[in-house]
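K.L.:
Have a look; sequence and predicted model below, questions after that.
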Amino acid sequence: MEQNDVVKIRVVIAAGQFLYRLGIKTIISAIGVEPDLYETNCFKSTKKCLHTTPGADYVVIHDDILPEPRNINLNEIGKLCPCGKILLIGNDPIENCPCANFALNIENQKEMVERFQEFFYEPETTSSCNIKEQLSEREIDVLKAVAHGCSNKEIADKLYISTNTVISHRKNITDKLGIKTIAGLTVYAIMNNIIKPEEVKN
Amino acid sequence: MFSMESNIYVMNKNLPFTAHTKMADVIHMDYRLIPIIGRFGIDYGFGGKTVSEVCEYHSINVWFFLEIVNSYHNQAYFPKKQLQNFSAQLIIQYLCNTHTYYLKTKVPEIEGYIDKMEKNVLEKNVKNIQLLNDFFKEYKTELQNHLEKEEENVFPYIISLERSLEEKIMPVELVERIKKEPIEAYERSHDNVELKLGDLKNLIMRHLPPVFCKALCQKLLTELFRLEADLEDHARIEEKVLIPKVKLLEQKILEACGTE
């Protein structure tokens, strides 16, 4: 079963050859990063991939997929992932290269691993992790109604909101609590004194 | 019967578990296989016997056994086509043994942990554990119903398909059922069951106020994860091996009747 909605970083690997991509994956794994991977094997498919999966965090490109002029085409890829970093791997550096990270094909294992480590390095702190898990008052209202066995339509009428809003509240509740079934939400609601056990219809 | 099958079966001898692997080494290499080996009806005390010797002793199809343990051991290795070539009878027998393991071993074990927890937590938490207990009971009922439906309705249907092809007798009722209620119509209702298991894990990990029987709680959680992993493998065999095989059997019968 899929992990419980763990958000993974997104990495695009663009290289013409399968074995090359496999090698890149091996290094990424060896430095301990476990991303969602997207693989592409040509310039066109890379652009398409970045277009359809916005928010790529890292793009590793082998320059064999870059048509001439390489710096301009690389720039084009950069524009497609404004928030992402790009690592370019090739035989020699590109003139006027718009990309800050570069690795050479001739580099040995140790050097290559270092390149990737630098590329993927982001400082982590423990202090500022305050992800909101508290339910809002509105969400508590919706949860209460769900636990009482109301349908989305009934909840919408009761709270004077649209059915779509109910659905979006329910999605947020599930995301925050990690509980998907009505029975599970009901247990949560009773545990936290949001409803009383005797209020639950069977 | 199975000796014929075993003569023609070709398997990659570079897989981690082969007919010549010592049975004890199978478990040494992957202890998660303990329940899998158990549900084949194999007892301990293998001595130095190999997989094929132990299987022969217990009249187990060694190739089927090997494909099952190899694929359970390595998620990425799943020889669909080979597995589909085993008789439906054999696959179903394995699935039924798995059902028994869930209902007779795994579920009571989990219930036991929850019951014990109820007796060992502080009073203000008793209510919460009772809620979990009820939740799990509900889950258990759903699981039971699902498995029963398979054993009483779906599996016998599959067996009769296979038998009918072997004996070359096509009863009218069977052909009718293929037309009216093919295996395709049998929607897996596993989904909700799986969701509930996920919810239970999160209720315990994220929402249950701290309990003072941590060891019990850890065991409970571990068993829930194990049950989930086993159910996933079970579902994989049903969906990717059994159902496609049944579709093929249905088609063959319809063709044989000339009604395709």
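P.N.:
Here it is on my side, so go on. All of these numbers come straight from a predicted model, not from anything done at the bench.
K.L.:
At the contact with chain A, which residues of chain B appear?
P.N.:
Neighbours of chain A within chain B, by CB under 8 Å from any CB of the partner chain: B:127-128, B:131-132, B:134-135, B:138, B:192, B:194-196, B:198-200, B:202-203, B:206-209, B:228, B:232. No exception for glycine: its C-beta is placed from N, CA and C like everyone else's.
K.L.:
Now the buried members of those.
P.N.:
Taking 16 or more other CB atoms under 10 Å in any protein chain shown as the criterion, what is buried in the residues of chain B next to chain A is B:128, B:131-132, B:134-135, B:194-196, B:198-200, B:202-203, B:207-208.
K.L.:
what's the helix or strand for A:Ile61?
P.N.:
For A:Ile61, the host element (DSSP states H and E) is strand A:58-62.
K.L.:
Using the three-state scheme, assign the most centrally placed residue in chain B.
P.N.:
The centroid of chain B falls nearest to B:His234 when counting by CA atoms, centre = their mean (3.6 Å). Taking DSSP: H, G, I helix; E, B strand; the rest coil as the rule, one finds B:His234 in the helix state.
K.L.:
For chain A, what lies in contact range of chain B?
P.N.:
With CB under 8 Å from any CB as the criterion, chain A meets chain B at residues A:1, A:4, A:177-181, A:183-184, A:187-188, A:190-192, A:197.
K.L.:
Where does chain A get nearest to chain B, which residue?
P.N.:
Nearest residue of chain A to chain B: A:Gly184, at 3.1 Å (CB to the nearest CB).
K.L.:
three-state assignment of that residue?
P.N.:
helix.
K.L.:
show me what contacts the closest residue to it other than its chain neighbours?
P.N.:
By the measure of CB to CB, 6 or more residues apart in numbering or on different chains, the closest residue to A:Gly184 outside its immediate chain neighbours is B:Asp199, 3.1 Å from it. By CB atoms under 8 Å, 6 or more residues apart in numbering or on different chains, B:Asp199 lies in contact with A:Gly178, A:Ile179, A:Lys180, A:Thr181, A:Ala183, A:Gly184, A:Val187, B:Phe135.
K.L.:
if you look at the residues of chain B next to chain A, which of them are in helices?
P.N.:
Counting by DSSP state H, those place B:127-128, B:131-132, B:134-135, B:138, B:192, B:194-196, B:198-200, B:202, B:228, B:232 in helices.
K.L.:
which residues sit in contact with the closest residue to B:Phe65 other than its chain neighbours?
P.N.:
The shortest distance from B:Phe65 to any non-neighbouring residue, by CB to CB, 6+ apart, is to B:Cys55 (5.5 Å). In this structure, B:Cys55 makes contact with B:Asn61, B:Val62, B:Phe65, judged by CB under 8 Å, 6+ apart.
K.L.:
Same list, these, but as a markdown table with distance to B:Asn145 please.
P.N.:
Compiled in a markdown table, the contacts of B:Cys55 are given as follows (distance: CB to CB, whole Å):
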| residue | distance to B:Asn145 |
| --- | --- |
| B:Asn61 | 30 |
| B:Val62 | 34 |
| B:Phe65 | 30 |
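K.L.:
closest to B:Phe86 among these?
P.N.:
Sorting the contacts of B:Cys55 by how near they are to B:Phe86, with CB to CB, puts B:Asn61 at the top with 7.1 Å.
K.L.:
does that closest one really touch B:Leu90, like I thought?
P.N.:
Yes: counting by CB atoms under 8 Å, B:Leu90 is a contact partner of B:Asn61 at 6.1 Å.
K.L.:
Which of these two has more residues huddled nearby?
P.N.:
Regarding B:Asn61 and B:Leu90, a neighbour count based on other CB atoms under 10 Å in any protein chain shown identifies B:Asn61 as having more, with 22 against 16.
K.L.:
after the helix or strand hosting B:Asp25, next one along is what?
P.N.:
Of the helices and strands defined by DSSP H and E, B:Asp25 is found in helix B:23-29. For helix B:23-29, the succeeding helix or strand toward the C-terminus, using DSSP H and E, is helix B:34-39.
K.L.:
buried sites along that following helix?
P.N.:
Of the residues in helix B:34-39, those buried under the neighbour-count criterion (16+ other CB under 10 Å) are B:Pro35, B:Ile36, B:Ile37, B:Arg39.
K.L.:
same question, stretch B:226-243
P.N.:
For stretch B:226-243, by 16+ other CB under 10 Å, it's B:Leu227, B:Asp230, B:Leu231, B:Asp233, B:His234, B:Ala235, B:Arg236, B:Ile237, B:Glu238, B:Val241, B:Leu242, B:Ile243.
K.L.:
How far off centre is that stretch?
P.N.:
Between the mean C-alpha location of stretch B:226-243 and the chain-wide mean there is a distance of 6 Å, by CA atoms, centre = their mean, to the nearest Å.
K.L.:
Just the mean pLDDT for that stretch, thanks.
P.N.:
Along stretch B:226-243, the predicted local confidence has a mean pLDDT of 91.
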